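Trainee: Build me a structure from this.
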Amino acid sequence: MDPEGQRFIPNSDQQRLLHHLELGELEIWFAEQRRAKRHQVALDQWHPKAAPDWLWSVGLPVLSLAEQYQGERRLLGLSALPGCGKTTLGLWIEAAAKALGLSIQVVSLDDFYFEADRLDAAMRGNPWGVPRALPGSHDLELLQDCLERRRQGQEVLMPCFDKAKRQGRGDRNGWRRCNADLLILEGWFVGCRSNVDSAGDEPHLETPLTPQEREWRQKLQPMLAKYEASWSCFDQLWQLRAIDFNAPLLWKRQQEATLQLERGASLSNSELERFIRMILCSLPSSSFRQMPADVVLEVDSDRTLRRIHLRGGIQDSASSDSLTG
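Mentor: Residues are numbered from 1 along each chain as shown. So this is what the prediction gives:
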């Protein structure tokens with residue numbers, strides 16, 4: 001990544017974000033980031049072609065937020081569809097925070113999957129044949145207990161999940177100590193609320209929902225509602241919102257191709273197609289479009305960030321804004 005490369009997020013969007021986060025004026029904030037050379041920290045964690053908006057409009061504001069929260073226990077939800085770039089973002093945040101002496105940890109909702117037998121029982125019979133990932137596959141009692149004890153200032157052990165175990169079905173794999181001031185909980189449906197209108201057609205789908213998919217959609221809604229107690233613990237909810245809901249088709253295929261090239265292992269074609277179909281079908285697209293996130297960053301099919309929207313905010317036209325910072 002070239003931190004001084006071209007950016008696309010309008011300055012007015014970023015100024016509103018900084019005001020929302022109580023971080024001050026844009027020019028002063030930019031000058032401070034450059035003076036402290038924060039924009040040069042842990043650059044090796046980014047994809048070489050990553051656009052600098054990921055740094056200036058997401059990564060560095062989160063670090064600034066963590067600096068505000070020092071000595072407090074705060075929780076940030078981060079929601080994004082698979083393949084969007086949230087894992088890379090999380091790795092950079094942790095690496096940069098460590099280099100700068102900031103107290104941040106990123107954990108995945110995936111780490112709270114049930115142990116093997118309960119996980120298999122919860123996922124049995126789903127029409128996509130996926131071994132996990134759906135609402136209902138997580139130990140919500142454990143998640144809620146961890147979040148509440150952490151909020152009270154206690155040192156908490158959170159589970160780790162290894163997706164490679166059991167021939168790819170996955171299982172628990174130890175525990176991680178989580179005592180950071182700012183904890184970021186990320187996941188593909190983090191922040192989604194139950195939706196009574198879950199049986200409607202989805203115009204973005206090339207193949208319409210099958211009767212079994214509709215049935216499971218309805219079945220998943222009361223399960224999704226049970227997650228809302230955990231979502232209510234967030235001090236902030238940020239969403240990386242795909243402009244095109246079909247973008248995960250491209251993102252996930254690219255991600256798996258990279259895994260195959262780098263590690264010699266990836267999902268088979270049939271497993272990949274089932275997984276993508278599950279992402280596109282299991283929850284209504286309206287659950288993502290209407291998510292009550294505090295900060296929404298629009299992501300196009302090239303993983304380029306385009307706009308920032310704030311909850312209840314008024315959005316200006318981008319046409320008159322300088323994009324160079």
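Trainee: Which parts of the protein are strands?
Mentor: 74-80, 104-108, 156-162, 171-178, 182-187, 236-242, 295-299, 305-310 (DSSP state E).
Trainee: mind putting those in CSV, mean pLDDT and distance to F8 included?
Mentor: Backbone N, C-alpha and C define where each C-beta goes, glycine included. As requested, the strands of the chain are exported to CSV (pLDDT from 0 to 100; distance: least, Cβ to Cβ, whole Å):
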stretch, mean pLDDT, distance to F8
strand 74-80, 97, 18
strand 104-108, 96, 25
strand 156-162, 94, 35
strand 171-178, 93, 34
strand 182-187, 97, 23
strand 236-242, 95, 15
strand 295-299, 96, 10
strand 305-310, 96, 6
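Trainee: Relative to D44, which of these is closest?
Mentor: Shortest separation from D44 across these is recorded for strand 104-108, at 17.3 Å, computed as Cβ to Cβ.
Trainee: thinking again about what came up before, out of the strands of the chain, which gets nearest to L134?
Mentor: strand 182-187 (11.7 Å).
Trainee: Note down every partner strand of that closest one and its orientation.
Mentor: Paired neighbours of strand 182-187 in the sheet (DSSP bridges): strand 74-80 (parallel), strand 104-108 (parallel).
Trainee: Extract the CA atoms of that strand and return them as CSV.
Mentor: What follows is strand 182-187, C-alpha atoms only, in CSV (Å, rounded to 0.1, in the frame of the first residue of the first chain):
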residue,chain,number,x,y,z
LEU,A,182,-10.9,-1.8,22.9
LEU,A,183,-12.2,-5.1,21.7
ILE,A,184,-13.4,-5.4,18.1
LEU,A,185,-15.9,-8.2,17.4
GLU,A,186,-16.0,-9.0,13.6
GLY,A,187,-18.2,-11.3,11.6
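Trainee: quick one: the helices in the stretch 51-200 of the chain?
Mentor: Along the stretch 51-200 of the chain, the stretches classed as helices by DSSP state H, counting those that start in this stretch are 53, 60-68, 86-100, 116-123, 140-151.
Trainee: what about the longest one, distance to the chain center?
Mentor: Centre-to-centre, helix 86-100 and its host chain are 14 Å apart (Cα atoms, centre = their mean, to the nearest Å).
Trainee: So which elements touch it?
Mentor: Applying 3 or more Cβ pairs under 8 Å, 6 or more residues apart in numbering; DSSP states H and E, one finds that helix 86-100 contacts helix 60-68, strand 74-80, strand 104-108, strand 182-187.
Trainee: Any stretches of the chain with poor pLDDT?
Mentor: Low-confidence regions of the chain, defined here as pLDDT under 70, cover residues 196-201, 249, 252-268, 313-325.
Trainee: closest one to T207 among the strands of the chain?
Mentor: Evaluated over the strands of the chain, closeness to T207 peaks at strand 236-242, with 19.3 Å, by Cβ to Cβ.
Trainee: thinking again about what came up before, with distance to I28 and mean neighbour count added, can I get the strands paired with strand 182-187 in CSV?
Mentor: Shown next, in CSV, are the strands paired with strand 182-187 (distance: least, Cβ to Cβ, whole Å; neighbours: other Cβ atoms under 10 Å):
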stretch, distance to I28, mean neighbour count
strand 74-80, 23, 23
strand 104-108, 23, 21
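Trainee: closest one to E32 among those?
Mentor: Nearest of the strands paired with strand 182-187 (Cβ to Cβ): strand 104-108, 18.5 Å.
Trainee: Kindly calculate the angle that the closest one makes with helix 86-100.
Mentor: Using axes from the mean of the first three to the mean of the last three Cα atoms, to 10 degrees, the direction of strand 104-108 lies 160 degrees away from that of helix 86-100.
Trainee: so what's P3 up against?
Mentor: Counting by Cβ atoms under 8 Å, 6 or more residues apart in numbering, P3 touches H39, Q40, L43, P52, L55, W56.
Trainee: F161 and R176 touch, don't they?
Mentor: No. Contact criterion Cβ atoms under 8 Å: F161 and R176 do not qualify, at 10.5 Å.
Trainee: Need the overlap of contacts for these two.
Mentor: Contact criterion Cβ under 8 Å, 6+ apart; residues shared by F161 and R176: D111.
Trainee: which one of the two has more residues nearby?
Mentor: For F161 versus R176, neighbours defined as other Cβ atoms under 10 Å are more numerous around F161 (21 against 12).
Trainee: hmm, back to that, out of the strands of the chain, which comes closest to Y227?
Mentor: Among those, strand 182-187 comes nearest to Y227, with 9.5 Å by Cβ to Cβ.
Trainee: Which among the contacts of P3 count as buried?
Mentor: H39, L43, P52, L55, W56 (16 or more other Cβ atoms under 10 Å).
Trainee: tell me the two of these that are most distant?
Mentor: Most distant of these, by Cβ to Cβ, are L43 and W56, 12.9 Å apart.
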